[in-house]
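**Q** Predicted model, plus sequence, below.
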Amino acid sequence: QVRLAESGGGLVQSGGSLTVSCATSESTFSHYSMAWFRQPPGQERDFVAAVSTNGEETYYADFVKGRFTISRDNAKNTVYLHMTNLKPEDTAVYYCNSDGFDPPRSIASDYTYWGQGTQVTVSS
């Protein structure tokens, strides 16, 4: 795993859009598939989306299909999650993680290290 820093969260109105980012300074970024997870208040951390090492394969949880898009820029060591048509139930802390498996694992407890996450709040 690589050390990651999430950013870009904020407060957005229902129906709005937001892009969160996850970056690392480690040059091995392109060797790892990447995943986004989220943890709503008082709930468990759930898989949201994942992208393969070269960015060509993407995977989504059913509850975000058609609304969220994951992408990566290996030249910038960054993975993005572009979120549209946001709903109040999307309110959560969003975390990214790296994985040596491709596609990456979708169970949060399979990961040991987590960054601080970025808070996304959707108002109704």
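**A** Now that the structure is in, tell me what you want to look at. Numbering: from 1, shown residues only.
**Q** can we go C-alpha only for contacts and neighbour counts from here?
**A** Noted.
**Q** Show the average pLDDT along stretch 47-66.
**A** Here stretch 47-66 scores 96 as its mean pLDDT.
**Q** The residue nearest the centre of the chain bridge partners, please.
**A** Closest residue to the average C-alpha location of the chain: residue 36 at 2.4 Å, with C-alpha atoms, centre = their mean. Going by DSSP bridges, residue 36 is paired in beta bridges with residue 49, residue 96.
**Q** Give me the number of neighbouring residues for residue 102.
**A** When neighbours are defined as other C-alpha atoms under 10 Å, residue 102 has 16 of them.
**Q** Which pLDDT does the model give it?
**A** The model's pLDDT for residue 102 equals 87.
**Q** contacting residues around it?
**A** 32-33, 52-53 (C-alpha atoms under 8 Å, 6 or more residues apart in numbering).
**Q** Determine which two of those residues are furthest apart.
**A** Spatially, the most separated pair among those is 32 and 52, at 7.6 Å (C-alpha to C-alpha).
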